[in-house]
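1. Okay, predicted coordinates and the sequence, questions at the end:
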Amino acid sequence: MDNLERIPVFGMLKSFFNRHKIISIILFILFIKSLVWMVVIPPFQTPDEPAHFSYIQYLSESKKIPLIGKSLGYSHELNSAHNILNVNRIAWVGDKMDIRNYKIMSDFKVLPEHKQSSGSSPAASYSPLYYSIGSLAYTLFNSFSILVRVYAIRLVSVLFGLLTVYFTYLIGRKIRPSSPMFASCLSLMVGLHPMFSLVSISVNNDALLNLFAVLTIYRLLHMKIEAKQMVGMGVLLGLGLLIKPTSIFVVSAALFFTLVIIIREKIQLRKAVNHYLRLVIPMLIIYSPWAIFSYVHYKSILGGKGLQPMGDTTRTLVFYFAESFNISRLRDIWIKMFWADFGWTNVLFDSFIMYKLIALLLVITTVGVILFISQKKEAYPFAAASLVIIVGNVIFLYIVEIMYFQEFKNFMLQGRYLFTSIVPIMFVILCGIQIFIRQANWDKMYVCVITLFAIFNIASIDLLLHKYY
């Protein structure tokens, strides 16, 4: 043991555990849970995982950012893995995974030129931050089979998921310092959320986007109107913009709440403007190289658009609003897709009673959180801010989909895109429940909520096992 303590990483982990036992145990449990999810879900069976892997492969092999072409440009190696692992039939037809194919893929001989590609894919238009980090794992295991590289990059996403949970715990401690159980419950609700579990083991830039959103909330809660703090927030927001275009909502919300904080501090106007500029200028400086690159190649500072399925060109916005806001699609997006709709296709629970119960819970907690705010319970300002964030995020996503619809005459909105607000959503649910329960029983309630989320997660794993094996 003494020899292990001399290893810097082990020493840091031991020190962290001694100072933060509760969150350390939570993170360990969730790490094991993530490994289970990662093993259960076969390679390339999470949404757009081949496209995201292709981006990382192209970036790692060519040292260049990919561009959208007229067609898919996967490498020979990736196409071979796609075929050997039977990705399409498993995803769309319902075939089962033959684990013998892992052996075939592991023994597949790959020449350096087999890893080359044009880089064109639906993900090629995204800004490069997530993929640059993922390329480190790819490069480290470049001499191993493609399966090892996929799982290595998935572990990077697992790390981002665990960091998201960690900062969720710190947010909970900041909001409700009087209740250690509250922070544990909030962080476990996020970490055990089935769709969050899926995203957090996928080769997908949403894993980093979710971390950015939670880290931004954490920074806002600790915000002081000082030069270093404002510059630090500007750097964070600039990096966030380099993840994917939908980070614009998180950045806009951060700019809005920072302005609210400045106004509440009643700072002199000239000083307030200077502080705000200290935030905005670093953000723009960090984002500008990508903005220029994107504009040169796509005539847009937000990346390109292409390789998207075209819908019926006769569709109008009247059709969009009629389809988008009917009960069926609202249920599909905000209940099924947000909570439990896995894989490429609709891998759903057979019993729709579960989804109805979730819908009922959301209605009850919405009423409950309004009562919570009106009665000015502990942390009610954060509850009010959470509602603003959630509503604003939903409106933003619909605006994005309308713009997408006008160009491609098709729909793109999925419930998991709302994970940039996952902490406010879980907080609202907790507040909405506890308003109906005596304070003396809140800790028992937290244990019940954690237990239900754990059961939900285990049931989701069982569902996926039956889907793939």
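-> In hand now; what should we look at?
2. And for Ile399, the neighbour number?
-> Counted with other C-beta atoms under 10 Å, residues neighbouring Ile399 total 11. Using the backbone N, CA and C atoms, a C-beta is placed for each residue, glycine as well.
3. What distance do you get for it to Thr246?
-> Using C-beta to C-beta, to the nearest Å, Ile399 is found at 11 Å from Thr246.
4. Report the contact partners of the closest residue to Leu241 other than its chain neighbours.
-> Closest residue in space to Leu241, ignoring its immediate chain neighbours: Tyr287 at 4.5 Å, by C-beta to C-beta, 6 or more residues apart in numbering. By C-beta atoms under 8 Å, 6 or more residues apart in numbering, the residues touching Tyr287 are 238, 241-242.
5. Check the gap between the closest residue in space to Gln375 that isn't next to it in sequence and Lys377 for me.
-> Ranked by C-beta to C-beta, 6+ apart and with sequence neighbours excluded, the top spatial neighbour of Gln375 is Ile435, at 7.5 Å. Distance, Ile435 to Lys377, by C-beta to C-beta: 7 Å.
6. who has more neighbours, those two?
-> The residue with more neighbours, out of Ile435 and Lys377, is Ile435; 20 against 15, by other C-beta under 10 Å.
7. Report pLDDT for the closest residue to Ile333 other than its chain neighbours.
-> In this structure, Ile333 finds its nearest non-sequential neighbour in Gly415, 5.0 Å apart by C-beta to C-beta, 6+ apart. If you check Gly415, the pLDDT there is 93.
8. now swap in Asn3 and tell me
-> Reported pLDDT at Asn3 in the predicted model: 58.
9. my guess is Phe419 contacts Asn210, does it?
-> Yes. Here Phe419 reaches Asn210: they are 5.0 Å apart, a contact under C-beta atoms under 8 Å.
10. what residues are shared contacts of the two?
-> 196, 199.
11. since we're on the residue nearest to Ile333, how many residues are nearby?
-> Gly415, neighbours per other C-beta under 10 Å, totals 18.
12. wait, it sits on Trp339?
-> Yes. Between Gly415 and Trp339 there is a contact under C-beta under 8 Å: 7.3 Å.
13. Can you pull the residues that touch both of those two?
-> Counting by C-beta under 8 Å, 6+ apart, the residues touching both Gly415 and Trp339 are Met195.
14. Can you mark which positions in the helix or strand where the residue nearest to Leu241 lies are buried?
-> Following DSSP states H and E, one finds Tyr287 within helix 269-298. Along helix 269-298, these residues count as buried under the neighbour rule (16 or more other C-beta atoms under 10 Å): 272, 275-276, 278-280, 282-283, 286-287, 290-291, 293-294, 298.
15. For Val156, which residues are in contact?
-> Contacts of Val156 were listed using C-beta under 8 Å, 6+ apart, and they are 133-134, 136-137, 207.
16. which of the residues you listed sit farthest apart?
-> Longest distance between any two of those is 14.7 Å, between Leu136 and Ala207; criterion C-beta to C-beta.
17. The protein - how does it break down into domains?
-> Per automatic domain parsing, the domain ranges recorded for the chain read 223-307, 317-436.
18. Which of the ones you listed sits closest to Ile171?
-> The minimum distance between Ile171 and the domains of the chain falls on domain 317-436, with 6.1 Å, by C-beta to C-beta.
19. Could you measure from Met105 over to Ile175?
-> With C-beta to C-beta as the criterion, Met105 and Ile175 are 47 Å apart.
20. Tell me which of the two has more neighbours.
-> Taking other C-beta under 10 Å, Met105 and Ile175 do not tie; Ile175 has more neighbours (22 against 19).
21. Could you tell me the model confidence score at that one?
-> Looking at Ile175, its pLDDT reads 95.
22. ok, Ile104 - how many residues close by?
-> For Ile104, the count of nearby residues is 12 (other C-beta under 10 Å).
23. any idea which element it lies in?
-> Using DSSP H and E, Ile104 maps to helix 100-106.
24. any idea of the mean pLDDT in the next helix-or-strand element following that helix?
-> Reading on from helix 100-106 to the C-terminus, the next helix or strand found by DSSP H and E is helix 129-140. The pLDDT scores in helix 129-140 average 97.
25. Helix or strand with the lowest mean pLDDT in the chain?
-> Every helix and strand of the chain was ranked by mean pLDDT, DSSP states H and E. The lowest is helix 2-5, at a mean of 54.
26. Quick check: phi and psi at His193.
-> phi -60, psi 130 (degrees, to the nearest 10).
27. So it versus Leu27, what's the distance?
-> 15 Å.
28. which one of the two has more residues nearby?
-> Neighbour tally, His193 and Leu27, criterion other C-beta under 10 Å: the higher count belongs to His193, 24 against 20.
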